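S.K.: any chance you could fold what I've pasted below:
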Amino acid sequence: MPTLESNGITLSYTDSGGDGRAVVLIHGWPLSGASWSEQVPALTSAGYRVITYDRRGFGDSDKPADGYDYDTFSEDLAGLLDHLDVTDATLVGFSMGGGEVARYLGTRGSERIHSAVLAGAVPPFLLKTDDNPDGGLGDEDVEGMKDGVRDDRAGFLDGFTTDFFSAAGDLKVTEEQRQEALTLAAPARDEAVVACIDAFGRTDFRDDLAKIDVPVLVIHGDADAIVPFEVSGKRSAEAISDATLHVVEGGPHGFNVSHADELNAALLDFLQK
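M.R.: As a prediction, this is how the structure comes out:
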């Protein structure tokens with residue numbers, strides 16, 4: 001994979017090239033850009049310039065000791081877009097990656113952006129607070145996840161990936177596909193894995209969503225056991241001024257694998273607009 005300098009670190013990325021509009025795919029936790037393997041062929045074959053990258057701390061990108069917050073993540077993304085001179089792009093953020101989409105558009109604006117997709121994404125705000133009673137995570141849940149990774153990373157992620165790809169208690173992908181996700185998580189720095197739990201679990205994106213001025217596809221599985229639809233996708237669609245909502249019936253959190261054909265079709269339909 002090629003690399004580039006962005007925001008003081010080296011990011012590993014892929015770029016299909018070509019003359020089509022750029023589609024930038026931003027991965028979830030604790031994976032890497034390779035987790036988009038079911039989407040990249042469909043998008044490239046349709047003529048789009050498809051770009052993926054590994055978030056700092058994950059995959060083949062630099063793994064610094066700090067910088068695991070959404071202000072930094074969005075600046076990493078900005079550096080990638082600047083370096084590759086990407087304009088008129090569609091940003092697609094899955095799960096944690098939806099936070100980069102929201103924060104980038106909320107702080108940098110849409111000068112380089114044509115549209116955006118929030119796929120099983122964490123906005124608007126996962127943490128339960130006095131002014132966010134509909135959040136999905138209590139403080140004890142966030143701390144419990146962090147402790148789980150610190151105490152037994154392998155065991156925690158084994159259970160997490162099972163829930164990630166399950167709906168109503170049933171695994172919706174093959175065991176080989178689940179193991180592939182664990183393999184993608186393996187290179188991540190321990191400190192990055194833990195710090196990102198705070199980032200996606202405690203970051204408030206409500207102001208960012210209110211500033212988004214491009215069309216957004218919100219697509220979410222209605223059986224998501226990790227980032228429940230009612231907590232995130234439904235609320236994001238209501239908060240964004242120009243949002244289209246697509247609910248994946250029976251879709252688990254990892255519907256980019258379990259329901260890849262449906263996601264790909266929804267993406268291609270949205271990208272034509």
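
S.K.: for the residue of the chain most remote from its centre, what are phi and psi?
M.R.: Residue farthest from the centre of the chain, counting by C-alpha atoms, centre = their mean, is Asp130 at 26.3 Å. Note on Asp130: backbone dihedrals following degrees, to the nearest 10 are phi -60, psi -40.

S.K.: and it, how far from Glu38?
M.R.: Separation of Asp130 from Glu38 (C-beta to C-beta, to the nearest Å): 40 Å. Glycine gets a C-beta too; all of them are placed from N, C-alpha and C.

S.K.: which stretches of the stretch 151-273 of the chain form helices?
M.R.: According to DSSP state H, counting those that start in this stretch, the stretch 151-273 of the chain carries its helices in the segments 175-185, 190-202, 206-211, 233-239, 255-258, 260-271.

S.K.: what sits up against stretch 53-61?
M.R.: Stretch 53-61 is contacted by residues 1, 3, 9-14, 24, 26-27, 30-34, 62-64, 67-68, 72-73, 76, 80, 96-97, 184-185, 187-189, 191-193, 195-196 when judged by C-beta atoms under 8 Å, 6 or more residues apart in numbering.

S.K.: returning to that earlier point: tell me which of the helices of the stretch 151-273 of the chain sits nearest to Leu43.
M.R.: Leu43 lies closest to helix 260-271 among those, at 6.9 Å (C-beta to C-beta).

S.K.: buried residues in the closest one?
M.R.: For helix 260-271, a neighbour-count test (16 or more other C-beta atoms under 10 Å) marks 260, 262-264, 266-267, 270-271 as buried.

S.K.: how far is that helix from where the chain is centred?
M.R.: Chain-centre distance of helix 260-271: 16 Å, with C-alpha atoms, centre = their mean, to the nearest Å.

S.K.: same for it, what does it pack against?
M.R.: helix 40-45, strand 89-94, strand 113-119, strand 216-221, strand 243-248, helix 255-258 (3 or more C-beta pairs under 8 Å, 6 or more residues apart in numbering; DSSP states H and E).

S.K.: span of stretch 83-92 from start to end?
M.R.: Taking C-alpha to C-alpha, to the nearest Å as the measure, stretch 83-92 stretches 18 Å from start to finish.

S.K.: what does that stretch contact?
M.R.: By C-beta under 8 Å, 6+ apart, stretch 83-92 touches 4-6, 13, 15, 21-26, 39, 51, 77, 80-81, 100-101, 104-105, 112-117, 119, 267, 270-271.

S.K.: pull out the buried members of those residues.
M.R.: Neighbour counting by 16+ other C-beta under 10 Å classes 4, 6, 13, 15, 21-26, 39, 51, 77, 80-81, 100-101, 104-105, 112-117, 119, 267, 270-271 among the contacts of stretch 83-92 as buried.

S.K.: the stretch 51-200 of the chain: strands as residue ranges?
M.R.: Ranges of strands in the stretch 51-200 of the chain, per DSSP state E, counting those that start in this stretch, are 89-94, 113-119, 166-167, 170-171.

S.K.: list the residues that contact the residue lying closest to Leu81 once chain neighbours are set aside.
M.R.: Nearest residue to Leu81 in three dimensions, chain neighbours excluded: Arg112, at 5.4 Å (C-beta to C-beta, 6 or more residues apart in numbering). For Arg112, the contacting residues are 81, 86-89, by C-beta under 8 Å, 6+ apart.

S.K.: what about Arg112, distance to Ala22?
M.R.: Taken as C-beta to C-beta, the span from Arg112 to Ala22 is 9 Å.

S.K.: so where's this structure uncertain?
M.R.: In the predicted model, the chain carries no residue with pLDDT under 70.

S.K.: got a PyMOL select line for the buried ones in the contacts of stretch 53-61?
M.R.: A single PyMOL command selects the buried members of those (16+ other C-beta under 10 Å):
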select buried, resi 1+9+11+12+13+14+24+26+27+30+31+32+33+34+62+63+64+67+68+72+73+76+80+96+97+184+185+187+188+189+192+193+195+196
